[in-house]
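[1] predicted model and sequence follow; I will ask about them next.
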Amino acid sequence: MDLVPLIDLIGEPQTALVGGLVLGLAFGIFAQRSRYCTRSAVLSVMGESDLKPFATWAAGFAAAILAVQLLLGADMIDVAETRFFSTAQSLSGALVGGLLFGIGMVLARGCVSRLLVLSASGNLRGVFSIAIIAVTALATYSGVLVPLRDGIGGVWNTAAIGGNDLLVHAGLERWAGVALGVVLAVVALGFALKSRLSVWRLFGGVMIGLTVAAGWYFTWQLSTQVFEPIQAESLSFIRPLATTGELALESGFAGLDQGVLIGAILGAFVAALLSGEFRISTFAEPGVPSIWRYAAGSVLMGFGGILAVGCTIGAGLTGGSVLAVSSLLGLAAMISGAALAQLVLRSVVREQTGSAVVMPAE
């Protein structure tokens, strides 16, 4: 991929912005059409709905790992100098932040990426939540919550366990990562067949994973062709919310993060509009939880996502696809936090109404 002509034409930050915009557009379209959401996947396994949400999520997770491990095996990307492996990553931050994020996404009825898609589809509850997440993420990324973030994050890191590469810890070669991806793909396909997932929804889930792989490939190519050194990276949504707020305050230049954020919103908006699913939704609708519950969940996601160095996409798929221990721990903590929060909500609803049904929809 020769990016030099584009770099010469519009500059390095603008090239990153354009690349992020394309990646974000693809993600927004496929996320909206497939209803890709980690929270919904957790709830489906817990019996709150059928297995279609989990099958969709599993397809994306498997596709991301398999595609990225194939790129690594073919020497088409190199992640050794990325943030996941070049410096010690916080394990305590991944654990605590992941738990808080998981609890938050149940309270706010959606992870960050899902809330962005819902916002673009006319859901004002999503807009409200994203605004609070962005403010909290900025405060945690570079504001008043930094001391608290550093205090928690500094307790335990990957230096204490000898690195962040799962394959190295397991004593395995790179081919084992590809084998893991194949196994996960077979399992995901099994769940898709069991749940009778539609071909188009399965395709959407797979494309989410491939978009993450495309992000790694694009940023790796860009990192080898720019004058100012940059690190290879892929999709995340909690960091873009924080860095965009920081840029707004400092009048800085937009880049990959802002492209991904804008692209995802535009892609989801177009997909919702063309599919006839764009609809204004408010807090006034019957059965919608209190605005304070959404606010509390959003604060937990804003703080927890930055502390865990990624959301369900940034840690779960981007970090998970390169088999970074900190990211996989963060994802596991997010899933655990979501399951715990759902169990508590289920118990509360049972006590109040005599029924254990908790509305799973956003």
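    Cool, got the structure. Numbering: from 1, shown residues only.

[2] neighbours of the spatially closest residue to S121 that is not a sequence neighbour, just the number please.
    Nearest residue to S121, sequence neighbours excluded (CB to CB, 6 or more residues apart in numbering): A272, at 3.9 Å. For glycine as for every other residue, the C-beta is placed from the backbone atoms N, C-alpha and C. If you count neighbours by other CB atoms under 10 Å, A272 ends up with 22.

[3] go on, the one 5 residues further on?
    Neighbours of E277 under the rule other CB under 10 Å: 14.

[4] looks like it contacts A120 (just checking).
    No: with contacts counted by CB atoms under 8 Å, E277 stays clear of A120, the gap being 10.6 Å.

[5] so where is this protein shaky, pLDDT-wise?
    Where the chain drops to pLDDT under 70, the residues are 248-253, 354-362.

[6] quick one, phi psi at the residue nearest the centre of it?
    By CA atoms, centre = their mean, the chain has its centre lying nearest to I313, at 1.6 Å. Dihedral angles of I313 (phi, psi; degrees, to the nearest 10) stand at phi -90, psi -50.

[7] pop out the phi and psi values for M46.
    According to degrees, to the nearest 10, M46 has phi -80, psi 0.

[8] residues near it, how many?
    Count around M46 with other CB under 10 Å applied: 16.

[9] and for P5?
    9.

[10] from here on, count from 309
    Taking 309 as the first residue, the last one we looked at is P313.

[11] quickly find the element holding it.
    P313 is part of helix 312-318, with elements assigned from DSSP states H and E.

[12] what sits up against that helix?
    Identification of contacts with helix 312-318 by CB atoms under 8 Å, 6 or more residues apart in numbering yields 323, 326, 533-534.

[13] list the helices and strands the helix or strand following it packs on?
    Heading C-terminal from helix 312-318, the first helix or strand you meet, by DSSP H and E, is helix 320-342. Applying 3 or more CB pairs under 8 Å, 6 or more residues apart in numbering; DSSP states H and E, we find helix 320-342 packed against helix 312-318, helix 420-428, helix 507-531, helix 564-583.

[14] longest helix anywhere in this protein?
    Looking across the chain with DSSP state H, the single longest helix is helix 633-661.

[15] just the buried positions in that one, please.
    By neighbour count with 16 or more other CB atoms under 10 Å, helix 633-661 contains the buried residues 633-647, 649-650, 653-654.

[16] starting at the chain centroid, how far to stretch 545-557?
    Averaging C-alpha positions (CA atoms, centre = their mean, to the nearest Å) puts stretch 545-557 15 Å from its chain's average.

[17] buried ones in that stretch?
    545-555.

[18] which single one of those is nearest to L569?
    Distance to L569, by CB to CB, is smallest for P548 among the buried residues of stretch 545-557, at 4.2 Å.

[19] tell me if the closest one really is in a strand.
    No: per DSSP: H, G, I helix; E, B strand; the rest coil, P548 lies outside any strand segment and is helix.

[20] verify the stated contact: it with A562.
    No: at 10.0 Å, P548 does not count as touching A562 under the criterion of CB under 8 Å.

[21] which elements pack onto the host helix or strand of P361?
    For P361, the host element (DSSP H and E) is helix 360-381. If you count contacts as 3+ CB pairs under 8 Å, 6+ apart, helix 360-381 packs onto helix 346-353, helix 482-502, helix 507-531, helix 628-629.

[22] try it again at 10 Å.
    Judged by 3 or more CB pairs under 10 Å, 6 or more residues apart in numbering; DSSP states H and E, helix 360-381 is in contact with helix 320-342, helix 346-353, helix 482-502, helix 507-531, helix 628-629.

[23] and L423, which of the ones you listed is closest to it?
    That would be helix 346-353 among those, by CB to CB, at 9.7 Å.

[24] look up phi and psi at N465.
    Per degrees, to the nearest 10, the backbone of N465 is at phi -140, psi 180.

[25] could you give the bridge partners of it?
    N465 forms beta bridges with S398, as assigned by DSSP bridges.

[26] if I look at it, how far off is D458?
    Separation of N465 from D458 (CB to CB, to the nearest Å): 12 Å.

[27] those two: who's more crowded?
    Using other CB under 10 Å, the more surrounded residue of N465 and D458 is N465, with 18 against 12.

[28] brilliant, that's me finished.
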